[in-house]
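Visitor: Whatever this is, show me its structure:
(one chain, ligands or ions: 1)
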Amino acid sequence: MTKRTMLLTLLAIFVLPASLVFADVRVVTTTPTLADIVRQVGGEHVKVESIMRGPENIHNVSPTPSQMMKLRKAVLFIHGGLDAEPWVPQLIKGARRKNLQPGARGNVDVSQGISLKEVPQRGELTRAMGDIHVYGNTHYVLDPLNGIVIARTIANALKRTDTAHAEMFEANYEAFTQRIREMTDQLVTQMEPYRGTPVVTYHRTWPYLRDRFGLVKIAEVEPKPGISPGPQHLSQCVETMQVRGAKIVIVETYNSKKNAEFVARLVGGRAVVLAQGVGAVAEADTYERLFEYNIQALLAAFEELGIEPQNPSVEDVKNNPEQP
Ligand SMILES: [Zn+2]
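Guide: Next up, the predicted model:
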């Protein structure tokens, strides 16, 4: 055996198997929501970090040099695509990694496969709708069933990157899917009596959550996505709430609770701060707990404000199970 073949044999025995068995897939995500799904699908063989902490406005983040350095070490960069995170091009440019550029294998856009809401019609002037959401509404993580589509994309990316653990990623994906389906069924049942309850929302963050859990939006505090309201628009919101009998203004953690509260108080209601993603509030520290937190916050507000179930037939059936 020559020295060279001996070296190659030693490499094969000691170095290659070790790297296959012990190397973690390093992943960086834009948001803690995506990081949590990566954690649940990737399990122990994946090391994941998020650029955002959670409470901040996803449309308005300024990447720092240290975040760019963080991204440099990643094999996979997982983000929301579309114009969800307008700061992503600057971040990946700063990271200077070929494999993470758009179109490269390490760049994973989880908007693929999602049925977007509020997609502008052809010919519709997108500028008139504000400067964001120009491809449709980007807050799709707020329908838990979209979490399953996202987990599929993430599982595929992990399987491609770490083929040795492909089966485990697939099994984790299946388990995640089941947990999310069960949780969604439970929360939908809890919200069922209130299906049709009118609400005002601050930013256009909530259509996916609203539609899944049966709330009806009647107005928005922002006149256009990302644009602050003036007094005239706020008084219009109040009027609409009075006419429709709405009492709740849903507000993100980064938006003005003061404005939301101002509008709500004028109709004897209140602002309800909901988590727009994982980590937006401390209690919403996993993808499941994000929804549990939001639905419990809504149910607590309904009770506190004396909001009657919109769908009394469901309540009647519950209270009088003997009735046909
Ligand atoms: Zn938005």
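
Visitor: Quick check: which ranges of the chain have low pLDDT?
Guide: Per-residue confidence for the chain (pLDDT under 70) gives these ranges: 1-22, 123-130, 312-324.

Visitor: try 90 this time
Guide: In the prediction, the chain carries residues with pLDDT under 90 at positions 1-23, 120-132, 224-227, 308-324.

Visitor: so where do the helices sit in it?
Guide: 3-10, 16-22, 32-42, 65-72, 88-95, 144-161, 166-191, 207-213, 231-244, 257-265, 287-304, 312-319 (DSSP state H).

Visitor: between these, which gets nearest to residue 138?
Guide: Nearest to residue 138 among these is helix 207-213 (10.0 Å), distances taken as C-beta to C-beta. Any C-beta I mention is one placed from the backbone N, CA and C, and that applies to glycine too.

Visitor: Show residues contacting that closest one.
Guide: Contacts of helix 207-213 from elsewhere in the structure, counted by C-beta atoms under 8 Å, 6 or more residues apart in numbering, are 117-118, 137, 139-146, 184, 187-188, 191, 199, 201, 215-217, 274, 294-295, 298.

Visitor: With mean neighbour count and distance to residue 251 added, can I get the helices of the chain in JSON lines?
Guide: As requested, those are exported to JSON lines (neighbours: other C-beta atoms under 10 Å; distance: least, C-beta to C-beta, whole Å):
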{"stretch": "helix 3-10", "mean neighbour count": "10", "distance to residue 251": "62"}
{"stretch": "helix 16-22", "mean neighbour count": "10", "distance to residue 251": "46"}
{"stretch": "helix 32-42", "mean neighbour count": "26", "distance to residue 251": "18"}
{"stretch": "helix 65-72", "mean neighbour count": "14", "distance to residue 251": "27"}
{"stretch": "helix 88-95", "mean neighbour count": "17", "distance to residue 251": "25"}
{"stretch": "helix 144-161", "mean neighbour count": "21", "distance to residue 251": "21"}
{"stretch": "helix 166-191", "mean neighbour count": "16", "distance to residue 251": "19"}
{"stretch": "helix 207-213", "mean neighbour count": "20", "distance to residue 251": "13"}
{"stretch": "helix 231-244", "mean neighbour count": "15", "distance to residue 251": "12"}
{"stretch": "helix 257-265", "mean neighbour count": "19", "distance to residue 251": "4"}
{"stretch": "helix 287-304", "mean neighbour count": "19", "distance to residue 251": "11"}
{"stretch": "helix 312-319", "mean neighbour count": "12", "distance to residue 251": "28"}
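
Visitor: Relative to residue 278, which of the ones you listed is closest?
Guide: helix 32-42 (4.3 Å).
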